[in-house]
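1. With the sequence up front, the predicted model follows.
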2 protein chains.
Amino acid sequence: MAPLLQSTQYLLILFCFFVFLSASLVAESRTLFYKWEVKYEIRSPDCFKKLTITINGGSPGPTIYAHQGDNVIVELKNSLASENVAVHWHGIRQIGTPWSDGTEGVTQCPVLPGETFKYQFVVDRAGTYLYHAHYGMQRQDGLYGSIVVWLPEGQSEPFSYDHDRNLILTDWYHKSSHEHATGLATPDPGFQWVGEPDSLLIQGRGRFKCSLLGSSGLASATCNSSSPQCVAYPLTVVPGKTYRLRVSSLTSLSALSFQIESHTMTVVEADGHYVEPFQVNNLFIYSGETYSVLIKADQDPSRNYWATTNVVSRPRTTPPGLAIFNYYPNHRRKLPPTTPPAGPAWNDVAPRLAQSHAIKARQGFIHPPPKIADKVIVLLNTQNTVKGRRRWSLNNVSFNMPHTPYLIALKHNLLHTFSQAKPPTGYDFKNYDIFNPAPNQEATESDAIFRLEFKSTVDIILQNANMMSPNSSDTHPWHLHGHDFWVLGYGEGKFDIYRDPSKYNLENPIMKNTVALHPYGWTALRFVADNPGVWAFHCHIDAHFFMGMGVVFEEGIDQVGNLPTSIMGCGESKRFLRP
Amino acid sequence: MAPLLQSTQYLLILFCFFVFLSASLVAESRTLFYKWEVKYEIRSPDCFKKLTITINGGSPGPTIYAHQGDNVIVELKNSLASENVAVHWHGIRQIGTPWSDGTEGVTQCPVLPGETFKYQFVVDRAGTYLYHAHYGMQRQDGLYGSIVVWLPEGQSEPFSYDHDRNLILTDWYHKSSHEHATGLATPDPGFQWVGEPDSLLIQGRGRFKCSLLGSSGLASATCNSSSPQCVAYPLTVVPGKTYRLRVSSLTSLSALSFQIESHTMTVVEADGHYVEPFQVNNLFIYSGETYSVLIKADQDPSRNYWATTNVVSRPRTTPPGLAIFNYYPNHRRKLPPTTPPAGPAWNDVAPRLAQSHAIKARQGFIHPPPKIADKVIVLLNTQNTVKGRRRWSLNNVSFNMPHTPYLIALKHNLLHTFSQAKPPTGYDFKNYDIFNPAPNQEATESDAIFRLEFKSTVDIILQNANMMSPNSSDTHPWHLHGHDFWVLGYGEGKFDIYRDPSKYNLENPIMKNTVALHPYGWTALRFVADNPGVWAFHCHIDAHFFMGMGVVFEEGIDQVGNLPTSIMGCGESKRFLRP
């Protein structure tokens, strides 16, 4: 009996050890549980009444505050009358939970009206992230918000501040996303049903000039300058204190500059990674990017100051967005005595490129990239037509979303649901003139995807070009799902695959999930395809992705666990229904 | 061998007989196949630009022309960006095909964007029918059309005419159904985001007075009086000829009168049943009703005449709808020299009630009703509040649509998906004052349904009452799916269950699928619950059904064949997905 007893005692000790271990794990990683209801409400965020998609009554929706390592559960109820939804957790890599990425058509079927979908994922890295609709063009109707992930308790940032604040910048259209999408899909490319945004919003508030609408009954029923919903957002600060301001952009279209009158900002974080600090007066920010800047409230405290955001990279037809940098105890609605700063020239690319170059990983927090890539994909960004409709393309292929999500199609071997062709990995480098409209602007459409070797290192060269009209090249913020990538470099003109890689920054490149491709320039980035799943990579301008400006990567699909049935029910996954 | 040979010969003869029989059946009933694409387009049906749901580019969509007994297949592709659809075939009883009724929440899950749903049914009776969206409030954004079913070739109608024409009347809002639905769901009952319709349309064309919008840039970009889309619809006739005009209403809200200047109309058909002919100058028509009237082009042929439709039963804030009754060879746009006739007084119930009384089954085409009912259900129609929101109720219960369609829930025994309570079959007859607002206006919500004994005869008494504000009672057109019913009678005031049944018309009641409940009155109808399936019965005013004014009947669910998986995928039918 003695050896048996010994063995039992040994097991008991082992058991106690595991109980202790799991108890301590529980103590460190919490589960945060949210119940959200998505519905339409009539709001006037810029004084103009518009049907707005809200979460629990708000647009922006509730900010998720979590600690690194927390498990986040969002039970999302769709209370729209006839529209589906899907919500993407922007910057969260979804390691082990690719079905929670919320990208309709890629990782899930949409959530139907009346249904509740459970998103569950771990926020595995401190930083500033976002969430937003990833279905049709719903994001621009107001379905978006912030995710703030703090370091585990007891750990501290490599910079100091007194308070932590959060602002999302957006642009805002008075037309609905349905109207916008319909206008974009209209065969006549000259059809201007929806043009530039009507307003810029700071933390969901802006100010449209109602008088532009005239004085008809329609105008006064639609636009109300004294609505409390369009009072400028007050960012209240205590004199002498230092603020960490998390500034994000979820614009539909616009590239922005952001500044606070008479104050400099020190950039310290970008997309969840520490930046080697540098100072700016204007922060340039593109849709899908997040930054933390430090600001000291060190100016004359007897007055308030303007916080402003302006359109850059496109002619400035949308008026600036204004918030109030409010020195306590001044009243938060007290207008600054000055006129708001005008912001930088919209068409001066140089300072924007300079900011891009300035963003490097902070010393002590550098993740060195692999020295060489296994695969290089060059993506020429062009505006095109397809069957008479204006589209955007990569290497002359315009992306179409299939109706069976790729994750389901690949895991369940429904390969007939999308093209099995290999998308082109380059363009006619020698003959293509990026500085002039293409001689043949017709593109093809495809839902083919890139299938990457698992754990391979992939370089992407984004190459910008002239649009369809002469002397115009837009800024495109490219966002990668499921990954951060190293930003190896930016350049002007045509990327030279023989000479430019030698200029790559392999020493201290920043990691990001969204990066700007500047007018007529190129951007080089690298990532390791080590996150089993299917991931979209696309221009974060809502309309551009809608018009085909994206690609999809598959990697390690055989490593993906069993898919939850909750993501199914559409396209060919209807086949899985038992009659 | 001889007996075996005889037997084989016998079988051969039998086989040939069946081949002959099926060949002759094939010859008589055809299959009509339609491919429809539903999408948004920007249209100006009343000169004002609005996002309109079209079918194959049109609103109204294509008219289905069929012969009695034809098999109709509609492959409906949903090309909306983020919205689902479902299409109901109004007046088609769907005998043997209850899953093709197109009633989201009752008979099917909605059709997702990008998906194609196959509706298949037999049009088993000649007459005038309709189709329209039955999901959210999409019908009022333009998704509707006509079904014309002719007699089998060789058979003729009991009345004669030279030509057959078709007109649908609708009302039209400049706000989208999303805006409308959101306004209705807003807790503040006084919130007037969407009020009365902006225009009345005849066959998809109306005329909004653009000058009401003022002269701002917004106004001129939105409203264009010279758009060809808002030219009055021309109904061209040849002098001396007689026309069968099929007039239907699919208004969202409005009860209408319809008239053709200087011409009388002889009513000959209602909802697919022959009417004992009678003449009218004004045809009153309620949403969901169809009529055929005969009109002889017997007036001065040197000019055109107005065809007009006017709102009745509610204060007339929407201007009349105008079409041109165009005598060939006058130009079809030549305006009549007269002012359009003003139409009947909006608040005079007497002529509307008189028309209802006048509609009887045509001699020789009477379907006698069962003499007595097995069950009587009295439905008191009231306006209420539920948790601060304005709603409509039956016997103080406001209907909520569940998210698992009843047909699936009942056939697959998912009885936990909706309330198993029995809805009330009556109200406090003795104490309720139908002529005054209710003292307690709060109602309850429920998704409970009536489960009817298969093949039983059911009487429904619709009882109208005062709305929440004093001295107001609306007209409610009630529509039954899966059935025609006999209209046994109409009365003023409170229905007396002891005395009023003796006044029922059991001799020659008309059969209909939609019937008006007049202000402060009652309407009695009878049907036989002999069509296996689950069928909605509701007020056909879009907003009223949306606000709870409906009930659902189940009958013979055990007789329903295997459900197609194409109707599944939502609610608890997601459970049927194999992971």
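-> Okay, I see it.
2. only C-alpha atoms for contact and neighbour calcs from this point on.
-> Will do.
3. Need phi/psi at A:Asp70.
-> The phi/psi pair for A:Asp70 (degrees, to the nearest 10) reads phi -70, psi 150.
4. That one pairs with what?
-> A:Val123 (DSSP bridges).
5. Now do the same contact list for it.
-> A:Ser29, A:Arg30, A:Thr31, A:Leu32, A:Val122, A:Val123, A:Asp124 (C-alpha atoms under 8 Å, 6 or more residues apart in numbering or on different chains).
6. Show the buried residues in these.
-> A:Arg30, A:Thr31, A:Leu32, A:Val122, A:Val123, A:Asp124 (16 or more other C-alpha atoms under 10 Å in any protein chain shown).
7. now, which of those residues sits nearest B:Thr338?
-> A:Leu32 (71.7 Å; C-alpha to C-alpha).
8. Return the set of residues that bridge with the closest one.
-> Note on A:Leu32: beta-bridge partners by DSSP bridges are A:Val72.
9. you'd agree it is up against A:Gln68?
-> No. Checked against C-alpha atoms under 8 Å, the pair A:Leu32 and A:Gln68 is beyond contact range at 11.7 Å.
10. Can you show me the helices along the stretch 401-550 of chain A?
-> Applying DSSP state H, counting those that start in this stretch to the stretch 401-550 of chain A gives helices spanning A:406-411, A:542-546.
11. Apart from its chain neighbours, what residue comes closest to whichever residue of the stretch 301-450 of chain A sits closest to chain B?
-> Residue nearest to chain B within the stretch 301-450 of chain A: A:His403 (6.0 Å; C-alpha to the nearest C-alpha). Among residues not flanking A:His403 along the chain, A:Gly571 sits closest, at 5.1 Å (C-alpha to C-alpha, 6 or more residues apart in numbering or on different chains).
12. From B:Gly489, how far out is the one you found?
-> Distance, A:Gly571 to B:Gly489, by C-alpha to C-alpha, to the nearest Å: 49 Å.
13. now, among the buried ones among the contacts of A:Asp70, which is nearest to B:Val106?
-> Nearest to B:Val106 out of the buried ones among the contacts of A:Asp70 is A:Leu32 (C-alpha to C-alpha; 36.4 Å).
14. who's in contact with the closest one?
-> A:Leu32 neighbours (C-alpha under 8 Å, 6+ apart): A:Ala66, A:Asp70, A:Asn71, A:Val72, A:Ile73.
15. I'd guess A:Pro187 is in a strand, am I close?
-> No. According to DSSP: H, G, I helix; E, B strand; the rest coil, A:Pro187 belongs to no strand; its state is coil.
16. Test my guess that it contacts A:Val386.
-> No. Counting by C-alpha under 8 Å, A:Pro187 does not reach A:Val386; the two are 9.2 Å apart.
17. So if I had to pick from those two, which one is more boxed in?
-> Neighbour tally, A:Pro187 and A:Val386, criterion other C-alpha atoms under 10 Å in any protein chain shown: the higher count belongs to A:Val386, 19 against 15.
18. Quick check: bridge partners of that one?
-> With DSSP bridges as the criterion, A:Val386 is bridged to A:Arg389.
19. pretty sure it contacts A:Ala443?
-> Yes. If you go by C-alpha under 8 Å, A:Val386 and A:Ala443 touch, sitting 5.4 Å apart.
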